[in-house]
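Enquirer: sequence first, predicted coordinates after that:
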Amino acid sequence: FPDTRAQRCWFHKIGNVLAALPKSAQPGAKKALAEIYNAEDRRHALDAVKAFEAAYGAKFPKAVAKITDDVDELLAFYDYPAQYWVHLRTTNPIESTFATVRHRSKVTKGPGSRAAGLAMAFKLIESAQTRWRAVNAPQLVALVRAGARFEGGKLVERPDDHAPPTAA
């Protein structure tokens with residue numbers, strides 16, 4: 001999927017931003033960051049980014065830069081159906097899948113051989129998939145894969161650049 005847009009993980013980004021702040025500023029910053037990633041649409045999220053920058057930019061420019069430098073990748077999920085936003089904001093579905101394999105590999109002190117490692121990973125992931133959360137609105141997957149446009153989480157039926165000419 002070479003045309004796929006990058007989406008940064010909010011969980012990890014919040015950790016990086018908070019690590020660049022003193023403990024006393026962290027609770028307020030965490031709430032301000034939640035205002036960004038829980039905004040109702042991209043416009044409100046960008047307003048929240050500006051508010052975060054205004055509140056913390058003078059004292060903590062490095063922390064603010066961690067958000068402002070990656071804002072397009074952090075807000076990419078707004079270009080998809082609203083039902084998918086909860087899935088796209090974090091890399092947890094990917095990480096939790098491989099955490100199962102990583103934990104078992106540590107316990108067994110490695111798989112022994114490449115073939116055994118692949119077999120072990122396959123069986124662990126196959127077993128773990130029974131506990132995975134289903135994708136919200138699976139009927140929209142085909143539209144997303146086909147390149148349909150979404151604005152504010154809603155399907156744009158006819159993009160403006162393909163609108164039929166109006167009779168004068």
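Expert: Sure, I can see it.

Enquirer: quick test: name the residue nearest the centre of the protein.
Expert: The C-alpha lying nearest the average C-alpha coordinate of the chain belongs to Arg89 (C-alpha atoms, centre = their mean; 2.4 Å).

Enquirer: was I right to think that residue contacts Asn38?
Expert: No. Taking contacts as C-beta atoms under 8 Å, Arg89 lies outside contact range of Asn38: 9.1 Å. Placement of C-beta: from N, CA and C, glycine included.

Enquirer: how many residues are close by the closest residue to the residue nearest to the centre of the chain other than its chain neighbours?
Expert: Setting aside the residues directly before and after it, Arg89 is nearest to Trp10 in space (C-beta to C-beta, 6 or more residues apart in numbering), at 4.7 Å. The local packing of Trp10 (other C-beta atoms under 10 Å) involves 20 other residues.

Enquirer: give me the pLDDT value at the residue nearest to the centre of the chain.
Expert: Here the pLDDT value assigned to Arg89 is 72.

Enquirer: any idea how far Val17 is from it?
Expert: Going from Arg89 to Val17 by C-beta to C-beta, to the nearest Å gives 15 Å.

Enquirer: got phi/psi on the residue nearest to the centre of the chain?
Expert: Taking degrees, to the nearest 10, you get phi -70, psi -20 for the backbone angles of Arg89.

Enquirer: distance of it from Arg114?
Expert: 35 Å.

Enquirer: cool, and Leu140?
Expert: Taking C-beta to C-beta, one finds Leu140 at 38 Å from Arg114.

Enquirer: which of these two has more neighbours?
Expert: A count of neighbours by other C-beta under 10 Å puts Leu140 above the other of Leu140 and Arg114, at 18 against 8.

Enquirer: how many residues are close by the residue lying closest to the more buried one once chain neighbours are set aside?
Expert: Using C-beta to C-beta, 6+ apart and skipping the chain neighbours, the partner closest in space to Leu140 is Pro81 (4.8 Å). Per other C-beta under 10 Å, the neighbour tally for Pro81 reads 21.
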